[in-house]
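Enquirer: give me coordinates for this.
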Amino acid sequence: MSYALLDTRTWHRTSAVVMGCTAELMFDGSSSLAPIAFDRLRELEHAWSRFLPDSELNRLHARPGQWVHVSHELFTALHWCDRLHGETEGRFDPSIRTALEAWGYDRTFREIDQSASSPTHTPPAPGLAGLELRRDDEAVRLAPGLRLDLGGVGKGLAADMVSGELILMGASGAFVSMGGDIAVAGDTPDGGWSVPLEHPDTDLPFDTHLLSDGALVMSTTRMRRWQRGGITAHHLIDPFTGAPAVTDVIAVAVASMSAARGEALAKAAVVAGSAAAVEMLDGFGVAGWVLTSDEVIRVGLPA
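Expert: Next comes the predicted model:
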């Protein structure tokens, strides 16, 4: 997704690679906020990335069956995951990490070994029954064998957190994009941020959304695709099969008040297929776009 400024106000605009994607900031405030914001994004990456061997998430995995005191950031991410797993009836499930890695996404995307054979069988994801959260002292216990991928929901949560924190640090308005997961806070250009939504097959806009508050995210099977034993795989694992989702949906975009929640709903909608996706998004009361190879179905939006 890209965007356009709609007025002549001066906004600082800068970007850096964080969490394996291009993180872009635009804000109306002191330029000194930019390095602080990027440091914060890197701090969040170190809390929940599965690609950093010494990340807090990986250290938690190294202590199965034990209560572990974690940072407020990691606890918040895990609490979101637990809540969203329940809301989506298990269609969003961060316990797909073992399956995701079995299919080859066991390293950063650029390093995936596409020559390896595909797995003969991957079981369904175990779900989050083995995730225990103790709110009073922010401690976590993972059942042995439970391995989590915070993936896109982590990017969405980072956008949510940093956009709000920029306002607390003195910016009057903030726009944070984590590889296209967008969260905004505070003042906006006149009328809001005009964000074109681009079709993943053509890169051409199929709609434009005016974002004045909250978030806009997109999840698609057309990105992060690779070959595994001659089979085309992608990163959206169906937790009920343990394999890349077989679905008529090629992308879902969601506009909601939280990029973390939008990410989870978008992923769940892709897994669900178009008919169930439309019903699910409508039930959650969010605006959405469900893309198949033949059409764009708008949910909660003017026709």
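Enquirer: wait, G214 touches S258, no?
Expert: Yes: applying Cβ atoms under 8 Å, one finds G214 in contact with S258, separated by 7.0 Å. Every residue, glycine included, has its C-beta placed from N, CA and C.
Enquirer: now do the shared contacts for these two.
Expert: A183 (Cβ atoms under 8 Å, 6 or more residues apart in numbering).
Enquirer: tell me what the nearest residue to S31 once chain neighbours are set aside is bridged to.
Expert: Counting by Cβ to Cβ, 6 or more residues apart in numbering, H12 is the residue found nearest to S31 once chain neighbours are left out, at 5.3 Å. Beta-bridge partners recorded for H12 (DSSP bridges): F27.
Enquirer: how much space between H12 and A37?
Expert: Distance, H12 to A37, by Cβ to Cβ, to the nearest Å: 10 Å.
Enquirer: close enough to count as contact, A259 and V162?
Expert: No: assessed by Cβ under 8 Å, A259 is found out of contact with V162, at 10.4 Å.
Enquirer: higher neighbour count, the two?
Expert: Per other Cβ atoms under 10 Å, whichever of A259 and V162 has more neighbours is A259, with 31 against 25.
Enquirer: tell me who's in contact with the more buried one.
Expert: Contacts of A259 by Cβ under 8 Å, 6+ apart are 155-157, 159-160, 178, 181-183, 215-217.
Enquirer: now do 7 Å
Expert: Listed by Cβ atoms under 7 Å, 6 or more residues apart in numbering, the contact set of A259 reads 156, 159-160, 181-183, 215, 217.
Enquirer: same question, T108
Expert: 20, 51.
Enquirer: so H12 and A37 - more neighbours on which side?
Expert: A37 (23 against 16).
Enquirer: L74 reaches R59, doesn't it?
Expert: No: counting by Cβ atoms under 7 Å, no contact exists between L74 and R59, whose distance comes to 9.7 Å.
Enquirer: out of these two, which sits in the more crowded spot?
Expert: Per other Cβ under 10 Å, whichever of L74 and R59 has more neighbours is L74, with 23 against 13.
Enquirer: and that one, what pLDDT?
Expert: You'll see L74 listed with a pLDDT of 98.
Enquirer: just the element for it, please.
Expert: Assigned by DSSP states H and E, L74 falls within helix 72-87.
Enquirer: buried residues in that helix?
Expert: Within helix 72-87, the residues that qualify as buried are 73-78, 80-81, 84-85, 87, counting by 16 or more other Cβ atoms under 10 Å.
Enquirer: likewise for stretch 91-107?
Expert: 91-106.
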